[in-house]
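Peer 1: Sequence plus predicted model, see below.
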Number of protein chains: 2
Amino acid sequence: MSVQQNTASPKVRLFDELRIAILTLELRPGADLDEARLSERYGLSRTPLREVLRELAGEGYVELRENRGARVSDMSYTTLRDFFLAAPMIYGAILQLAAQNRTSQQLDKLQQAQDQFVAALRMGSPVERTLANYRFHQITGEMAANVYLLPSFKRLLIDHARIGMTFYKPVNNEMAGNLSKASQQHDDLIKAIRQRDDVRAAELAGEHWNLSRGQIELFVTPQGLEAPLGNLSLSNSRTA
Amino acid sequence: MSVQQNTASPKVRLFDELRIAILTLELRPGADLDEARLSERYGLSRTPLREVLRELAGEGYVELRENRGARVSDMSYTTLRDFFLAAPMIYGAILQLAAQNRTSQQLDKLQQAQDQFVAALRMGSPVERTLANYRFHQITGEMAANVYLLPSFKRLLIDHARIGMTFYKPVNNEMAGNLSKASQQHDDLIKAIRQRDDVRAAELAGEHWNLSRGQIELFVTPQGLEAPLGNLSLSNSRTA
DNA sequence: TGTATGCATTTTGTATACAATAATGAAATT
DNA sequence: AATTTCATTATTGTATACAAAATGCATACA
């Protein structure tokens, strides 16, 4: 991870730590955010804390309810459906624009993010992997640099990270293989973006998305268990 | 306009009035928002005022700069280009989803908004026309009800209103005709949405967008003046 | 037993005072 | 005369105190 970070103001620190905690599900969707508790924990009075909560709400991390405090943005099967509808379109557009508009500095940053992603795949925790992947796509958003697309893109990235934390635990070989495929696709994306090949970038966006979707579906609709119903509880039926 | 509105809390009132003022260019892009002045004007202390500014920033109405106050979100030719890129895609998606998901109550609201739009066309000011059009499309956004698309859609609506205020002043017959065409397209959209015909709705979205784009282009690239260069300043050359 | 009512507690919302930072302008130096 | 420096002023950021609203709980009642 990067070195200096402690110079940031307490407000920025609070903002970032809450963001990370939400992205990594350390703060669960729907969790209540108590102002008094948070302000004490971060050594900040409630006034700036409330401002931070509003800024987080603006980006979709939390939801504010009048006279009833803030909570971490919820995720239901409805939002999962919304996600599946919106993500391919927005990701495609962002990556296409990224290929058109990227600067060479941004390209370097993207490569660094990918290096961290690879490192996280090899020996990192799910949290590190999720954050590295988040960072990779965040940079493509910066490259695209379209003020009208970014709000939705950022919102998608938040929940993609959270969905990933839920569903991307590789329990079998197929899932583990998917992760290395994802890494390969990142490399291909960098190449296309470097060459300013926006058509290829959009194409890769589609492939990357399909892989991601497949991974999620492996969890949402797992292969059914094989034991016949009546026998299921035989081996360890102690109660009743 | 609607009747009761004064029951709202001063905070909500401030929020809405600022929103309207920004949408109608009463507050110009880039304009400074002084906290002290605003808080005095609305009889609200700076604490809740600052919270309102952050909420407005979250939706893209204003931009916050650390230690340097808020200003109305800027518009440049860069953002205009971004707008042209993003708008057709997002509008199409929103209207398609609106046709799929609308409730009958929402349909009624949409018809009311269209009635107000027609009224504004007949005898209203540009401000009323812009706000009625804004409201119409805002309702289609509610119908679509996709949390990931809405942030970008809302951001587009803000600047579409502001661009409209700049460019939709009908100075000739073609422009006036465009407005009645737009109204006709709204009627067609309502019909498609009522029938849950999402394909037709997406198609109409494209047509509606093309009309809007043409209107803007009429202003951005007007027909050149015809007088030859050397003679241009002859008739009223008083200085030099 | 289930439901309503009112009080006590907790939590959120607002105002004000003060601290920190940025903007302004006058004086001094080159 | 132009530019830098420094003090003054204006504006933003934060802490605290208080007001308002919501929550939880005990009691009364059907």
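Peer 2: Nice, I can see it.
Peer 1: Give me the below-cutoff pLDDT ranges for chain A.
Peer 2: A:1-7, A:168-173, A:227-240 (pLDDT under 70).
Peer 1: show me where it has helices.
Peer 2: A:10-23, A:35-41, A:46-59, A:77-101, A:104-123, A:126-144, A:150-167, A:173-194, A:198-220 (DSSP state H).
Peer 1: who wins for proximity to chain B among these?
Peer 2: Smallest distance to chain B across those (Cβ to the nearest Cβ): 1.9 Å, for helix A:46-59. (C-beta placed from N, C-alpha, C; glycine too.)
Peer 1: helices or strands next to that closest one in the packing?
Peer 2: Here helix A:46-59 touches helix A:10-23, helix A:35-41, strand A:62-64, strand A:70-72, helix A:150-167, helix B:46-59, going by 3 or more Cβ pairs under 8 Å, 6 or more residues apart in numbering or on different chains; DSSP states H and E.
Peer 1: hmm, try it at 6 Å
Peer 2: Packing partners of helix A:46-59 (3 or more Cβ pairs under 6 Å, 6 or more residues apart in numbering or on different chains; DSSP states H and E): helix A:10-23, helix A:35-41, helix B:46-59.
Peer 1: does DNA strand C sit close to it?
Peer 2: Yes. Remark: helix A:46-59 sits within contact range of DNA strand C at A:46-47, A:50, by Cβ under 7 Å from any atom of the strand.
Peer 1: For chain A, which residues are neighbours of DNA strand C?
Peer 2: Within chain A, the residues that sit near DNA strand C (Cβ under 7 Å from any atom of the strand) are A:32-36, A:46-47, A:50, A:66-70.
Peer 1: how about a cut-off of 10 Å?
Peer 2: A:9, A:32-39, A:45-47, A:49-50, A:53-54, A:64-71 (Cβ under 10 Å from any atom of the strand).
Peer 1: before we move on, back to that, most packed of the helices and strands packed on helix A:46-59?
Peer 2: Between the helices and strands packed on helix A:46-59, helix B:46-59 has the highest mean count of neighbours, a mean of 20, where neighbours are mean count of other Cβ atoms under 10 Å in any protein chain shown.
Peer 1: Run through the residues that contact A:Tyr91.
Peer 2: A:Tyr91 makes contact with A:205, A:209, according to Cβ atoms under 6 Å, 6 or more residues apart in numbering or on different chains.
Peer 1: Distance check, it against DNA strand D.
Peer 2: Per Cβ to the nearest atom of the strand, to the nearest Å, A:Tyr91 is found 34 Å from DNA strand D.
Peer 1: Likewise for A:Phe136?
Peer 2: Using Cβ to the nearest atom of the strand, A:Phe136 is found at 31 Å from DNA strand D.
Peer 1: cool, and A:Ala145?
Peer 2: For A:Ala145, the distance to DNA strand D - Cβ to the nearest atom of the strand - is 25 Å.
Peer 1: any idea how far chain B is from that residue?
Peer 2: With distances taken as Cβ to the nearest Cβ, to the nearest Å, A:Ala145 is found 8 Å from chain B.
Peer 1: residues near that residue, how many?
Peer 2: By the criterion of other Cβ atoms under 10 Å in any protein chain shown, A:Ala145 has 18 neighbours.
Peer 1: And the helices of chain A: which comes nearest B:Met123?
Peer 2: For the helices of chain A, proximity to B:Met123 was assessed by Cβ to Cβ; helix A:150-167 is nearest, at 35.7 Å.
Peer 1: can you give me the angle the closest one makes with helix B:46-59?
Peer 2: Angle, helix A:150-167 to helix B:46-59, by axes from the mean of the first three to the mean of the last three Cα atoms, to 10 degrees: 80 degrees.
Peer 1: can you list contacts of stretch A:63-71?
Peer 2: Contact with stretch A:63-71 is made by A:30, A:32-33, A:53, A:57, A:62, A:73, as judged by Cβ under 6 Å, 6+ apart.
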